[in-house]
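Peer 1: just the structure for this:
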Amino acid sequence: MAQFSSRVQRGGQCGSPGEGIPTVTHSSIQSNGIGERPGAASTAEPTDPVTADRWQRLKNEWGRRLQPGEQSVVIAWSSFTATFAGVRALTHWIHDGHGPSSGGMSLGGHHFHHYNIGIAGLAAIGAVALRGHERHLRHPVTAAAYGTAIALIVDELALLIDLKDVYWARQGRTSVDAAIILTAVGATVAAGLPFWSHARGALRA
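Peer 2: Next comes the predicted model:
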């Protein structure tokens, strides 16, 4: 027993415990790729840094050049222009013999006028204006919905004024369409005038 204890003591005097034994740490395992989950190193391809940088610069210019109210006006006019032009193009396409034979949407056997969608949209936006929070009032979706709703109503304005379904009549409609679209485009450009030139520079840089 004494011999065993003396051997233990002599062994302890040879050096500190673990001397000469390589130490394996968690960081060394990761650096050597041992123990990593398959696919953990690269889960997805990174986005194009050039495109991401351009959009970031564009976003910065948008916030720097336009106040929140001005941003809402630009979004609303852009939405109005796109919606009105799209609805008019769809109308002419249906009028030329494409699409549904009834000439548009029907509900319960009756023609459903899309100005009803516009009126419902304005009612919803009015509710947001009365009871919504500030972040709802300044939200881009609110401005886009407002522009879309106005466009749907303006597109059938003649029906609302005369209470006659003259929507599909061609007489004089082409010039009116062109005038409204040009006005809408001009208003969009004018509303965002402090932003457009800087936006072009941000995208080109």
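
Peer 1: go through the host helix or strand of Arg135 and flag the buried ones.
Peer 2: Arg135 belongs to helix 134-137 when assigned by DSSP states H and E. Using 16 or more other Cβ atoms under 10 Å as the burial criterion, none of the residues of helix 134-137 qualify. Heads up, the C-betas are built off the backbone N, CA and C, glycines and all.

Peer 1: packing partners of it?
Peer 2: Using 3 or more Cβ pairs under 8 Å, 6 or more residues apart in numbering; DSSP states H and E, the elements in contact with helix 134-137 are helix 115-131.

Peer 1: now the helix it packs on: mean pLDDT?
Peer 2: Helix 115-131 shows a mean pLDDT of 93.

Peer 1: what is that helix packed up against?
Peer 2: So helix 115-131, by 3+ Cβ pairs under 8 Å, 6+ apart, packs with helix 134-137, helix 140-155.

Peer 1: now do 6 Å
Peer 2: helix 140-155 (3 or more Cβ pairs under 6 Å, 6 or more residues apart in numbering; DSSP states H and E).

Peer 1: what are the ranges of the helices in the protein?
Peer 2: 2-12, 26-31, 49-65, 68-95, 115-131, 134-137, 140-155, 157-162, 173-191, 193-204 (DSSP state H).

Peer 1: check which residues of the longest one are buried.
Peer 2: Pointing back at helix 68-95 there. 71-85, 87-88, 91, 94.

Peer 1: shaky segments in this protein?
Peer 2: The model of the chain has pLDDT under 70 over residues 1-47, 99-104, 106, 109, 161-175, 205.

Peer 1: list the contacts for the nearest residue to Phe80 once chain neighbours are set aside?
Peer 2: Leaving aside its chain neighbours, Phe80 sits nearest to Gly147 (3.8 Å; criterion: Cβ to Cβ, 6 or more residues apart in numbering). By Cβ atoms under 6 Å, 6 or more residues apart in numbering, the contact set of Gly147 is Ala76, Ser79, Phe80.
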